[in-house]
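Trainee: fold the following for me, if possible:
(one chain, ligands or ions: 2)
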Amino acid sequence: MTDIFLINPPFGNQNMKVKMPFGNSKEGQKMNLNQLSGRIATPPLGLMYIAAYLRVRGITSKIIDMRLKPLSITDFKKLLEEESPRLVGIHTLTEIYDNSLAIARAVKQWRSHIPVVMGGPHVTFIDQEPLETGAVDVVVRGEGEETMWQLTRALFSSDNPDLARIPGITFAHGSGDQRKITRNPPRTPISDLDTLPLPARELIDLKHYFRSGIMITSRGCPYRCLFCSVNTLTDGKYRYRSVDAVVEEMFYLNQQLNFPMVAIVDDTISAYKNRLPQLCKQLIAKQFPGEWTCQLRVNEVTPDILLLMKESGCTNLQFGIESGNDEVLKAIRKGITVKQMDQAMKWAHEAGIKIKCSAIVGHHADTPESINDTVRLLTGFKDQYDARVSIGINTPLPGTFIYNNHEELGIKIHSRKWSEYIVGRAIIDTKHLSRMEIQQHYAGATLKTTAMDYRTILNSMAGNMGNLDFDTVTRLMATNTINQPPYGGHITPWVNEVEVA
Ligand code: B12
Ligand code: SF4
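Mentor: Numbering: from 1, shown residues only. Ligands and ions are numbered 1, 2, ... in the order given. Here you go, the predicted model:
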């Protein structure tokens, strides 16, 4: 018997024909999404960390990754029946929240007295909503390790546990008219990350993931970009593991688990100045035989650091450049300049590191001209440095400054459906751009700067826009100007014409 099920819900946005979050079943037969999802899934680090933490304290977990393997709701209930967990924990991001909730409901249909706990970035900020549905009993806000330990200990040892003393949770108690929701004070984030056991990788089927050798070396980020929730998620506390511990895990992934490429997925690995060079030097000294990759900020690199990174095995890196316009960069408080980008790209290229740049269109300060600057910059990086590019649409995720202060920034949010908070779908108007225009700039910028062709972009947008089929999107886009810069000249009514919300 397993004490706890920890569930990573499936994606829910790639194919809007989805009616149920479970694929390949009668209920979910419209969903071919899971096949895609299985190909791009990465191991659920947060759940693996929680499982490892609980295991050394005597609590067993099973991680069920529905993103990797489709599971019908009937099969899921069968699994519940077979293994009879004493508690079910569910991971949540904003875009997958509906699926998380559907899973919670399935658990309650199976046995209503089994505690259902939700955690992850979305519910850290939107904690009341799941509890109000009656399908969720406790929300864990912020980091889950210590909170889950205290919670399971309380729930497993008493029929009438005192949850009021557990920091970092919001919980429901009482029933019917007497049902109340209490938000306890926040938990202080774990200060010494080296005290955590390594993620419980043996609980998942590592070989089937798209990028299996992932790890983190730090938590949080000291910057406060307006579109990002990381700072608030971690209560502004940036913490990092010791270089020794990081090197040990990298060797473990490469040597014991045979992953040629280790992907460090920290928000930003370089925020503490001396640590990255120290890490590289140690990898060089110990002759790390694998390759590694990470993402970092353009203002935190120098030619020397990049050369050291390359020498230590870093073959790929990602820069979050966000915009190609200095005014916009200032307005979103990114703390970098176009000049710094130019330099960093050049240095990384000279060091022989392959580069990917990610950018966003539809910032509150973006105009057609500033988006053109972004496109021009990215095209230049592509041509000059063979950079790969990914583009997203500015999305007001809970916990971000833009979500909390959207009116002040002149942003109008069109949707409160969480499943629509996805990077390929515009849900805001800004002072300068309507959501239709943002959507079209996204299509134009993606076409210009990525390897995606027109058909692929329209196809993916058809999914993101709702139940639109490819032909409809093609028809609606037919007269637009996305091939003709400057973008934003003549715009075909699109979102307005087909109301999908
Ligand atoms: C690495 C990363 C990725 C990786 C892989 C993540 C993975 N497989 O684990 C990749 C690149 C695949 C990725 C993709 C995306 N990501 Co991402 N990603 C991150 C990043 C930088 C770190 C996540 C991480 O591993 N942290 C370390 C682990 C230990 O922490 P954790 O997962 O948060 O889990 C802890 C707590 O949240 C909590 N917890 C989590 N789940 C549960 C469940 C229970 C029951 C409990 C009790 C507790 C609990 O306890 C855990 C341990 O402390 C975060 C930023 C951040 N700092 O959180 C963004 C972040 C999570 N990503 C984000 C987004 C938006 C995305 C994308 C949607 C972006 C896109 N372009 O499409 C995609 C979609 C992913 C998807 N649909 O699942 C947002 C989510 C915001 C939101 N409100 O949903 C974040 C917060 C960044 C941001 N922009 O603000 N991501
Ligand atoms: S976008 Fe990157 S640098 Fe900015 S706050 Fe988020 S994690 Fe930090």
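
Trainee: so what touches whichever strand or helix holds residue 172?
Mentor: If you go by DSSP states H and E, residue 172 is part of strand 169-173. Applying C-beta atoms under 8 Å, 6 or more residues apart in numbering, the contact partners of strand 169-173 are 127-128, 131, 134, 136-141, 147, 151, 163, 179-184. All C-beta atoms are positioned from the backbone trio N, CA, C, and that covers glycine.

Trainee: now the buried members of these.
Mentor: 127, 131, 136, 137, 138, 139, 140, 141, 147, 151, 163, 184 (16 or more other C-beta atoms under 10 Å).

Trainee: grab the nearest non-local neighbour of the third one.
Mentor: Okay, so that is residue 136. Distance criterion C-beta to C-beta, 6 or more residues apart in numbering; nearest residue to residue 136, sequence neighbours excluded, is residue 130 at 4.1 Å.

Trainee: can you tell me how far that neighbour sits from ligand 2?
Mentor: Computed as C-beta to the nearest ligand atom, to the nearest Å, the residue 130 to ligand 2 distance reads 25 Å.

Trainee: need the contact list for that residue.
Mentor: 92, 97, 100, 101, 104, 118, 123, 136, 139.

Trainee: mind doing that once more with 7 Å?
Mentor: 101, 118, 123, 136, 139 (C-beta atoms under 7 Å, 6 or more residues apart in numbering).

Trainee: I'd like the distance from whichever helix or strand the last one is part of to the chain centre, please.
Mentor: Spelled out, it's residue 139. Residue 139 belongs to strand 138-140 when assigned by DSSP H and E. When distances are taken as C-alpha atoms, centre = their mean, to the nearest Å, strand 138-140 is centred 19 Å away from the chain's centroid.

Trainee: so what does it touch, helix or strand wise?
Mentor: strand 116-119, helix 145-157, strand 169-173 (3 or more C-beta pairs under 7 Å, 6 or more residues apart in numbering; DSSP states H and E).

Trainee: and the shortest one, what other elements does it pack with?
Mentor: Strand 116-119 is packed against strand 87-91, helix 97-110, strand 138-140, with contacts defined by 3+ C-beta pairs under 7 Å, 6+ apart.

Trainee: burial count for the residue in the stretch 51-200 of the chain that ligand 1 sits nearest to?
Mentor: Nearest residue of the stretch 51-200 of the chain to ligand 1 (C-beta to the nearest ligand atom) works out as residue 119 at 2.2 Å. Number of residues near residue 119 (other C-beta atoms under 10 Å) recorded here: 27.

Trainee: which ones are touching it?
Mentor: Residue 119 touches 89, 91, 92, 140, 144, counting by C-beta under 7 Å, 6+ apart.

Trainee: how much space separates the most centrally placed residue in the chain from ligand 2?
Mentor: Centroid-nearest residue in the chain, with C-alpha atoms, centre = their mean: residue 93, separated by 6.9 Å. Distance from residue 93 to ligand 2, counting by C-beta to the nearest ligand atom: 15 Å.

Trainee: just residue 394 next, same as before
Mentor: Where ligand 2 is concerned, residue 394 sits at a distance of 12 Å (C-beta to the nearest ligand atom).

Trainee: surely that residue meets residue 359?
Mentor: No: with contact defined as C-beta atoms under 7 Å, residue 394 does not count as touching residue 359 (10.4 Å).

Trainee: these two: which is more packed in?
Mentor: residue 394 (27 against 23).

Trainee: ok so, going back, how about the residue nearest to the centre of the chain, what does it touch?
Mentor: 120, 121, 122.

Trainee: let me have these in CSV, extended by neighbour count, pLDDT and distance to residue 389.
Mentor: CSV is the format used below for those (neighbours: other C-beta atoms under 10 Å; pLDDT from 0 to 100; distance: C-beta to C-beta, whole Å):
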residue, neighbour count, pLDDT, distance to residue 389
120, 26, 98, 28
121, 21, 97, 25
122, 26, 97, 27
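
Trainee: and which of the residues you listed is nearest residue 354?
Mentor: residue 121 (28.7 Å; C-beta to C-beta).

Trainee: ok, that closest one - contacts?
Mentor: 93, 229, 233, 399.

Trainee: please name whichever of the helices and strands packed on strand 116-119 is nearest to residue 340.
Mentor: strand 87-91 (35.0 Å).

Trainee: show me what that closest one is packed up against.
Mentor: Strand 87-91 packs on strand 4-8, helix 97-110, strand 116-119, helix 145-157, going by 3+ C-beta pairs under 7 Å, 6+ apart.

Trainee: one more time with 10 Å, if that's ok
Mentor: strand 4-8, helix 45-55, strand 61-65, helix 97-110, strand 116-119, helix 121-125, strand 138-140, helix 145-157 (3 or more C-beta pairs under 10 Å, 6 or more residues apart in numbering; DSSP states H and E).

Trainee: any chance of those in TSV, plus distance to residue 246?
Mentor: Listed next are those as TSV, based on distance: least, C-beta to C-beta, whole Å:
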stretch	distance to residue 246
strand 4-8	24
helix 45-55	14
strand 61-65	23
helix 97-110	31
strand 116-119	25
helix 121-125	23
strand 138-140	26
helix 145-157	18
